[in-house]
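Engineer: Structural data only, the sequence is not supplied:
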């Protein structure tokens, strides 16, 4: 696979199946080991715009190299606060708390880092970015949603999607 050539990955059902299985392993492990929370993997891994509208917070990390794309998390404010409380042991009521930003960015970094190792030998991660208090839509410019997973965590929902770039974002620079 050459840099920017994502067509092999998109049409290869073996790769797609392996990534779905990996995603459904990586997310529960990352949350279970880090936050000591149980995660339910839902069979219906992708929500449409109507369902996603309730998940206003998000985070993303981009993967560059042999494979070009992004990992996007969508979640609710209560889930973000619950993750911080689970990790630090004390209540958190405010998304402005810097711990929320750190926890969310680290979670997308863990998931993205594990997935990147499956997407090519020469992939690197961008700096993770959180979108808190922003009515985040989770769209990545120049990319399309390819795969997703839906997870339950103590009554909250986490939507994780993998986006594939239609072209190299650095092309023409």
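Structural biologist: That came through, no problem. Keep in mind that this is a model prediction, so the values were computed, not measured.
Engineer: show me what contacts residue 83?
Structural biologist: The contact partners of residue 83, taken as Cβ atoms under 8 Å, 6 or more residues apart in numbering, are 31, 35, 37, 103-104, 107, 153. Yep, even glycine has a C-beta here, placed from its N, CA and C like the rest.
Engineer: Also residue 110?
Structural biologist: If a contact means Cβ under 8 Å, 6+ apart, then residue 110 has 26, 30, 34 as its contacts.
Engineer: which one of those has the most neighbours?
Structural biologist: residue 26 (21 neighbours; other Cβ atoms under 10 Å).
Engineer: a helix runs through it, doesn't it?
Structural biologist: Yes: using DSSP: H, G, I helix; E, B strand; the rest coil, the secondary structure at residue 26 is a helix.
Engineer: Thought residue 113 was touching it, still the case?
Structural biologist: No: using Cβ atoms under 8 Å, residue 26 is not in contact with residue 113, being 9.2 Å away.
Engineer: re earlier: which one of the contacts of residue 110 is nearest residue 163?
Structural biologist: For the contacts of residue 110, the closest approach to residue 163 (Cβ to Cβ) belongs to residue 26, at 16.3 Å.
Engineer: For that closest one, give me the pLDDT.
Structural biologist: Listed pLDDT for residue 26 reads 96.
Engineer: please renumber so the chain begins at 347
Structural biologist: Sounds good: first residue 347 from here, last item residue 372.
Engineer: Grab the nearest non-local neighbour of it.
Structural biologist: Using Cβ to Cβ, 6 or more residues apart in numbering and skipping residues adjacent in sequence, the residue nearest residue 372 is residue 460, 4.5 Å away.
Engineer: pLDDT of stretch 452-471, averaged?
Structural biologist: 91.
Engineer: Buried residues, it. List them.
Structural biologist: Neighbour-count burial for stretch 452-471, counted by 16 or more other Cβ atoms under 10 Å, picks out 452-462, 465-466, 469, 471.
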